[in-house]
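**Q** Everything below, folded, please.
(2 chains)
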Amino acid sequence: MAAPLTLLLIVAVTIRAVLFRSSWAELISERVEVVSPLNAWKRVVEGLALLDLGVSPYSGDVFHETPFMIYLFHFVVDYAEIVFMIADGITAVALYLSIQTYNKNVFRKQKYALESDRYPADCLELLRSPKEMFYIPLKVAMFYLLNPFTILSCVAKSTCGLNNAIIALFILCTLKGSALLSGILLALATYQSIYPLTLFAPALLFFLQRLYIPVNLRRSSFWFFTLQYAFIYVGSLVVITGLSFFLLGSWDFIPSVYGFIFSVPDLTPNIGLFWYFFAEMFEHFRLFFICVFQINVFFYTIPLSIKLKEHPVFLIFMQIAIISIFKSYPTVGDVALYMAFLPAWSHLYRFLRNIFLVSCVLLACSALFPVLWHLWIYAGSANSNFYYAITLLFNFGQILLVSDYFYAYLRREHHLTHGLYLKKKDGTEATLVLK
Amino acid sequence: MLILSSLLLFILLAAARDEFQEELVIRPLHSGDIYASFQFRTLWDTDFLQEGQKVSHYRLFPKSLGQVLSKFSVRELHISFTQGFWRTMQWGQPFIPSPPGAELWVWFHDTVSDVDGNWKELTNVLSGIFCASLNFIDLTNTVQPSASFKPLGLGNATDHRFLRYATLPREIVCTENLTPWKKLLPCGSKAGLAVLMKSEKLFHSSFHSQAVHIRPICQDEQCSSKAWELRQTLNVVFDLHTSGQGKKEWSLFKMFSRTLTEACPLASSSKVYVDITDNPELFELSPATPLLGQAVVLGDRRTYSVYDLIMPTSSMVLSPCALGDMLRPLLHAERYVAGFGLQTGEIHTVIYNNHPYRAFPVLLMDSVPWYLQLYIHTLTVTSKSRDNKPSYIHYQPAKDRHRPHLLEMLIQLPPHSMTEVTVQFERALLKWTEYTPDPNHGFYVGSSVVSALVPSMVAMRTNFTQDQPLFSSFVPVKEESSYFVRVYTEPLLVNLPTPDFSMPYNVICLTCTVVAVGYGSFYNLLTRTFQVDEPSPPLSKRLANLIRRMRGVPLLT
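**A** Numbering: from 1, shown residues only, chains lettered A, B, ... in the order given. Next up, the predicted model:
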């Protein structure tokens, strides 16, 4: 499978290189859907220019990247385009390898379950065959590399691409079973933007499952491993934060980066729900709603972990999706990361209920975003409500997409335990509802 | 008795050293307008450096300002209220430049521990004294320039932590500001030159600027005694064409609708200077005066007819004919916003050096509000279409809602050239409560300040004389070959994107609805399980089962 992957990489790099050299690159790097105050390339350049002038980049409110980014781009700012293309390539290859490993695991588990006769007789058509699973990793890599969202994000040189690469490497290390590397990469991803903190739970669940440690809070083996993993994670985080302190000699980056992510002072429009909400907020309630919205990102972790404790990879997908929808400054690069996983769940197609509606909504919104922005900002014939409405619809479409896949996954699991063709008490065909 | 008389003598002696001078300079401009500049100078002899000495006896110096100086430990205070923009290219250089709106800059003593607290209280007290809304000055529009506003009076400590500068470009000047300003004068508006200041004529002009400048000065060459100097200046430019004057003839009565009756009895000198440098033989001044004075001001030697009001005279009439060439101002600056749309823009500042062969450096100071995010890596300075790198850049980036951007640069201007400074910015979306009631009017960006020592064609006088006319002694002259010029550019008006102000409740409802849809679908999927849908029995059967259960009889299926 190396050849098709290499071909895919070459095609992706060609598209990006062509766009880099065209006049579209300038236009794309200004678009608010693609860049946000947290990851715009213009701000990285500004931060480096401030450093050259002898002023700390964190003394103003323009630069909100971590010191790791300063350190990285101090050396490679002239080759930025290559860096971002390499990051996209790394993400795609990491996703390819992780989905390949995952599929192997899934097929192996399915084989054991079949041999021990755990599936009811009529749900054999739900089982997955190697033939169907063969091209899935390539499709995942393709979904990531050729997704217009990813291409736009790369051409705009948004550092979201680098964050995605770190998360993809983290997923690869987790699925390969290396707890140390997984902890370090998760710490790096958390250091970049705080939200990947919620990926600690699925990674932990995956390792527990892999090491055959039952998830029982009264067992000492559970706590032993949890503490080990937590120690690796927290230790790496502390080390990375300490190294950042020594880079510029001050703790200024903490309020500038993390304080900025949490308190949302900059209300530049983006594809998320925060900006207009806090632009129209009564001052009295601002702190309350900031807390509510930030808690909203984190509090699905525990219930989802309880429900999906046997399916940690799907849990990772759900968490990444929830982060991308509900984070304070989302961009299309974040959306592209969880969309890359969708081919891995292509076997759920028969249980999806709203897929047509959702795809229409997402396509229409993606087309309308630039139109309504232009009408508001340049033509002056629309106002901010138009753009806000499309933001709402886009997020609604994403929520529907994620919950649809969740429904389909749970339903398939139910059928695998209770049989596909269910009958009511009087023998007629049954309908399944959630009760 | 003896003690009382000696005390009285002491007070009289002490008070006798206070001095008040007033003057009016009338200069006909080349565009047909008349420039009238009033200057009132009060010298107050106190030893202000002594801490703890409470001064309670005020004679000529206004008490309100004296109390302000001592309470807030102010070393220098400069405040100006201006309506209109000074057109340098048509009118020449003003005696005392001022930006449109209100401008306040203050040097505090280095004994002050909390400069920001003092600044805040000072602005509020001054807004009460001058009936102006200076209380809008807060930390979001105050800067601490590092090089541009050096003290104009005594003082060698130049730690710019004790300097505060703020402008309010949106501030309007009206009669409510003129009246308390006039009250600060020793004679008020009852005698002397202040009699001419009638607001209906003063505000019916192209340019009106009133200012108060307080600074400590030396009273003699060796600086053995120091005094506080309070200068109140009022600069007006009358546009005689629009005020209904047909021919180019003006009189004091036509300009001010009042005539001068007598000098202020408290003034030690009260003079009117009429600038007759341009074609003196073609002027006709009535009543004529044999007194002629010459002064070098703003790099130009000018001739004045002097009228001394201590010796009474009647109203003046002047009929000029043709006017010669105006001395071209050597330094001139303009500023504008480029770009389209409400997302980004560019600020262009253009500085002209009109000297034919000399290059000189200028200090450009820009204070941009925080909601226009400047990108300093896009700063370009070009002279004669070549890159001109500034030798000194001091940049303090803005902190959202805390302080504005401050950019100071030292640029060397090549002779006879135009230098363009451009910097890109992005417009921020503010919270709906941070917009003014007329948000589509736009937001003002204060004027840039260009300060320079311009090479002078005429040698300036550096020696210190007490009987120099006031208008030529405002700025201390340190060297003979150059004079200090400060040029203010136009303020900018920038539109920001606005949210819909009628929508707070709707936005909260709609956004919370979308979040609730997410929460609801996840809640359903997390807390409920799949079950086969058994139809519920009809109502009659359920009632029957209820009765049977009460009876203890087996239920129907």
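**Q** And the residue in chain A positioned nearest to chain B, what's its pLDDT?
**A** Proximity of chain A to chain B (CB to the nearest CB) peaks at residue A:60, 2.5 Å away. Heads up, the C-betas are built off the backbone N, CA and C, glycines and all. pLDDT recorded at residue A:60 is 90.
**Q** check contacts around the nearest residue to it once chain neighbours are set aside.
**A** Counting by CB to CB, 6 or more residues apart in numbering or on different chains, residue A:60 lies nearest to residue B:397, which is 2.5 Å off, once chain neighbours are set aside. Applying CB atoms under 8 Å, 6 or more residues apart in numbering or on different chains, we find residue B:397 in contact with A:50, A:55, A:59, A:60, A:61, A:62, B:374, B:376, B:405.
**Q** Narrow those residues to those in strands?
**A** Applying DSSP state E to the contacts of residue B:397, the entries found in strands are B:374, B:376, B:405.
**Q** Which strands or helices does whichever strand or helix holds residue B:128 pack on?
**A** Per DSSP states H and E: residue B:128 is located in helix B:115-129. Using 3 or more CB pairs under 8 Å, 6 or more residues apart in numbering or on different chains; DSSP states H and E as the contact criterion, the elements in contact with helix B:115-129 are helix B:63-71, strand B:101-108, strand B:163-168.
**Q** Can you tell me the strand partners of the last one and which way each runs?
**A** Partner strands and pairing direction for strand B:163-168 (DSSP bridges) are strand B:101-108 (antiparallel), strand B:142-143 (antiparallel).
**Q** contacting residues around residue B:474?
**A** B:39, B:95, B:96, B:152, B:213, B:231.
**Q** Could you pull up the residues touching the residue nearest the centre of chain A?
**A** When chain A is reduced to its mean C-alpha position, the closest residue under CA atoms, centre = their mean turns out to be residue A:320, at 3.7 Å. Contact analysis of residue A:320 by CB under 8 Å, 6+ apart lists A:167, A:199, A:337, A:338, A:341.
**Q** So residue A:346 sits against residue A:135, correct?
**A** No. In this structure residue A:346 lies outside contact range of residue A:135 using CB atoms under 8 Å: 9.7 Å.
**Q** Test my guess that residue B:530 contacts residue A:411.
**A** Yes. Residue B:530 is in contact with residue A:411 according to CB under 8 Å; the separation is 6.4 Å.
**Q** Need the overlap of contacts for these two.
**A** residue A:432.
**Q** Setting aside sequence neighbours, what's the nearest residue to residue A:357?
**A** residue A:400 (7.2 Å).
**Q** Burial check on that neighbour, number of neighbours?
**A** By other CB atoms under 10 Å in any protein chain shown, the residues close to residue A:400 number 20.
**Q** Ok, the one 5 residues further on next?
**A** Under the neighbour criterion other CB under 10 Å, residue A:405 is assigned a count of 23.
**Q** That one: helix or strand, and which one exactly?
**A** Using DSSP H and E, residue A:405 falls in helix A:384-418.
**Q** Measure how far that helix is from the centre of its chain, please.
**A** 15 Å (CA atoms, centre = their mean, to the nearest Å).
**Q** could you say what helices and strands it packs with?
**A** Counting by 3+ CB pairs under 8 Å, 6+ apart, helix A:384-418 packs on helix A:274-279, helix A:312-326, helix A:355-373, helix B:504-527, strand B:530-532.
**Q** could you give the mean pLDDT of whichever helix or strand comes after that helix?
**A** Per DSSP H and E, the first helix or strand lying C-terminal to helix A:384-418 is strand A:432-434. Per-region confidence: strand A:432-434 scores 79 on mean pLDDT.
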